[in-house]
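# what follows is a predicted protein model with its sequence.
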Amino acid sequence: MDSLSGIYEIHKEKAEYISYMKDVFREQRHDYMNYFQVIYGYLQLGKIEEALRQIKKIIQLNSNLSQIYKMSLFHVSVYLDRAIREMGDLEYIINLHVLNNRQNTICCIDNEEEIIKNLDLIFEDFMEEGIRFKRNVDIEIEEFKDRISFTFSGENKISTLIKNSKDVDIIEDNERVSVIFKYKNPIECLSVE
């Protein structure tokens, strides 16, 4: 009976994950339809400059989203996809750069959920505080074999949201704060050959 309950739990987790991804994809399609409707509305009203501004915003968003999916941590990528789209809706200007120094395309780690929870604290604070009413967010993400680093420019409150621990290092340097998450039990799930 124990093996059946274990199999049930595995299938339940897979079904929950598929449901979650369906919701993410539905949100993405909904957002893109809204973008096109807004552009079309501006064009109908003859507001060409507003339509161009909206197009530039969409181009910047897509550039950021393509950067996000360079990471090997898929769940973190999906989380950042949502967070960046939400911040874009709030008129944030996000400049994102990702450098992946790993050879694999998908990595599984035991602490990915913890990383997402910490990132959520940071992004929720950005959205609540408006980064002291500054609407530009510069983020550099660099991924290594054993860790991932998020460097935020122009923000120094992060160290009050997240504490140093054996798996998290926070380095403050003038107007930059780096949050480095060490991987727990990294496994290469899918590699590029």
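Structure received.

# quick one: neighbours of residue 175, just the number.
Residue 175: 11 surrounding residues under other CB atoms under 10 Å. From N, CA and C alone the C-beta is placed, and that goes for glycine too.

# and it, how far from residue 60?
22 Å (CB to CB, to the nearest Å).

# what is the mean pLDDT for the lengthiest helix in the chain?
Secondary structure of the chain per DSSP state H: the longest helix is helix 2-44. Averaging pLDDT along helix 2-44 gives 80.

# how about the residue nearest the centre of the chain: what's its closest non-neighbour residue?
Among the residues of the chain, the one closest to the centroid is residue 80, at 1.2 Å (CA atoms, centre = their mean). Distances taken as CB to CB, 6 or more residues apart in numbering place residue 68 nearest to residue 80, at 4.8 Å, with adjacent residues excluded.

# over to residue 176?
residue 153 (5.2 Å).

# the one you found touches residue 175, doesn't it?
Yes: using CB atoms under 8 Å, residue 153 is in contact with residue 175, at 6.0 Å.

# mind listing what residue 107 touches?
The contact partners of residue 107, by CB atoms under 8 Å, 6 or more residues apart in numbering, come to 72-73, 183, 186-189.

# just the element for it, please.
strand 104-108 (DSSP states H and E).

# pull the distance from that strand to the chain's centre.
16 Å (CA atoms, centre = their mean, to the nearest Å).

# given that strand, what are its sheet partners and their directions?
Its sheet considered, strand 104-108 pairs with strand 187-191 (antiparallel) by DSSP bridges.

# count of neighbours near residue 5?
Neighbours of residue 5 under the rule other CB under 10 Å: 9.

# what sits closest to residue 120 if chain neighbours are left out?
In space, residue 120 is closest to residue 79, 7.3 Å off (CB to CB, 6+ apart).

# where does that neighbour land on pLDDT?
93.

# likewise for the one 3 residues further on?
In this model, residue 82 is scored at 89, pLDDT.

# who are the neighbours in contact with it?
Shown in contact with residue 82 (CB under 8 Å, 6+ apart): 24, 27.

# so it, which of the three states?
Using DSSP: H, G, I helix; E, B strand; the rest coil, the structure places residue 82 in helix.

# again, but for residue 91
Per three-state DSSP, residue 91 ends up coil.

# need the contact list for it.
Counted by CB under 8 Å, 6+ apart, residue 91 has contacts residue 135.

# ok, it to residue 49 distance?
For residue 91, the distance to residue 49 - CB to CB - is 16 Å.

# low pLDDT regions in this structure?
1-4, 6-11, 104, 129-134, 154-156, 190-193 (pLDDT under 70).

# run the last query once more with 50
1 (pLDDT under 50).
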